[in-house]
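structure, please.
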Amino acid sequence: MRTTNLHLIECQVARRVTPLNQAWSWANAIHTTIDTAPTKFCCWDLPQQQLAWLALETHWACEDLADAGAWPSDVELDLPNIESPCQVRQFVESMLRRLEALCSTDVEESPVLVETRALARACLLALQSDRRDGVPAVEAA
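Numbers count the residues shown, from 1 in each chain. Alright, predicted model coming up:
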């Protein structure tokens with residue numbers, strides 16, 4: 001994945017006014033990336049069950065964020081030159097890191113935003129543990 005693709009998504013997300021809206025955009029971009037990855041890479045180096053799990057988690061995060069007041073606004077994804085499942089996985093992990101790092105200046109931060117950041121961290125840990133020690137991502141989370 002080219003760095004510029006992630007940078008373009010970051011620019012789009014940064015234009016969203018609130019942290020809730022930004023979190024929704026990151027979660028949606030992750031979900032969309034999984035759904036639009038070339039079918040030959042549909043499993044990456046993950047079993048299909050784990051990919052489905054990650055797609056569901058990000059979908060539910062979008063719903064929770066919208067219920068908390070986020071305004072859905074799709075991020076335009078540019079996913080050219082995907083040559084390996086590893087590139088898709090690295091791209092998703094990069095977006096999960098940005099979602100996890102998203103902060104709010106609100107004195108009373110939205111519990112949904114806190115939960116979404118925790119979800120991003122759990123997904124990252126799960127994906128990394130799956131790669132290192134063979135523990136399925138679903139169980140690790």
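
in this protein, which helix or strand is least confident?
helix 137-140 (a mean of 53; mean pLDDT, DSSP states H and E).

so where does I34 fall, helix or strand?
Per DSSP states H and E, I34 falls inside helix 19-36.

ok, and for that helix, which residues are buried?
Under the neighbour-count criterion of 16 or more other C-beta atoms under 10 Å, helix 19-36 has 19-34 buried. Using the backbone N, CA and C atoms, a C-beta is placed for each residue, glycine as well.

pLDDT on it, on average?
Taken as a whole, helix 19-36 has an average pLDDT of 89.

over to stretch 86-95?
Here the average pLDDT along stretch 86-95 is 81.

so which residues of the chain form strands?
Read by DSSP state E, the chain holds no strands at all.

show me where the chain has helices.
For the chain, the helices defined by DSSP state H occupy 3-14, 19-36, 48-67, 85-101, 111-133, 137-140.

L77 is nearest to which of those helices?
helix 19-36 (5.7 Å; C-beta to C-beta).

tell me what angle the closest one forms with helix 85-101.
Angle, helix 19-36 to helix 85-101, by axes from the mean of the first three to the mean of the last three C-alpha atoms, to 10 degrees: 170 degrees.

quick one, helix 19-36 and helix 3-14 angle?
Going by the same axes, to 10 degrees, helix 19-36 makes 140 degrees with helix 3-14.

now do helix 19-36: which elements does it pack against?
helix 3-14, helix 48-67, helix 85-101, helix 111-133 (3 or more C-beta pairs under 8 Å, 6 or more residues apart in numbering; DSSP states H and E).

could the helices of the chain be laid out in CSV, adding distance to S73?
Listed next are the helices of the chain as CSV, based on distance: least, C-beta to C-beta, whole Å:
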stretch, distance to S73
helix 3-14, 9
helix 19-36, 6
helix 48-67, 11
helix 85-101, 15
helix 111-133, 16
helix 137-140, 28
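
just name the most buried of these.
Stretch with highest mean neighbour count among the helices of the chain: helix 19-36 (a mean of 23; mean count of other C-beta atoms under 10 Å).

CA atoms only: put it into PDB for me.
Extracted in PDB, the C-alpha atoms of helix 19-36 (Å, rounded to 0.1, in the frame of the first residue of the first chain):
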ATOM      1  CA  PRO A  19     -13.800  13.200  17.100                       C
ATOM      2  CA  LEU A  20     -17.000  11.100  16.900                       C
ATOM      3  CA  ASN A  21     -17.200  11.900  13.200                       C
ATOM      4  CA  GLN A  22     -13.500  11.200  12.700                       C
ATOM      5  CA  ALA A  23     -13.900   7.800  14.500                       C
ATOM      6  CA  TRP A  24     -16.800   6.900  12.300                       C
ATOM      7  CA  SER A  25     -14.800   7.700   9.200                       C
ATOM      8  CA  TRP A  26     -11.800   5.500  10.400                       C
ATOM      9  CA  ALA A  27     -14.100   2.600  11.300                       C
ATOM     10  CA  ASN A  28     -16.000   2.900   8.000                       C
ATOM     11  CA  ALA A  29     -12.700   3.100   6.000                       C
ATOM     12  CA  ILE A  30     -11.500  -0.100   7.700                       C
ATOM     13  CA  HIS A  31     -14.800  -1.900   7.100                       C
ATOM     14  CA  THR A  32     -14.900  -0.800   3.500                       C
ATOM     15  CA  THR A  33     -11.300  -1.800   2.900                       C
ATOM     16  CA  ILE A  34     -12.100  -5.300   4.100                       C
ATOM     17  CA  ASP A  35     -15.200  -5.400   1.900                       C
ATOM     18  CA  THR A  36     -13.400  -4.100  -1.200                       C
END
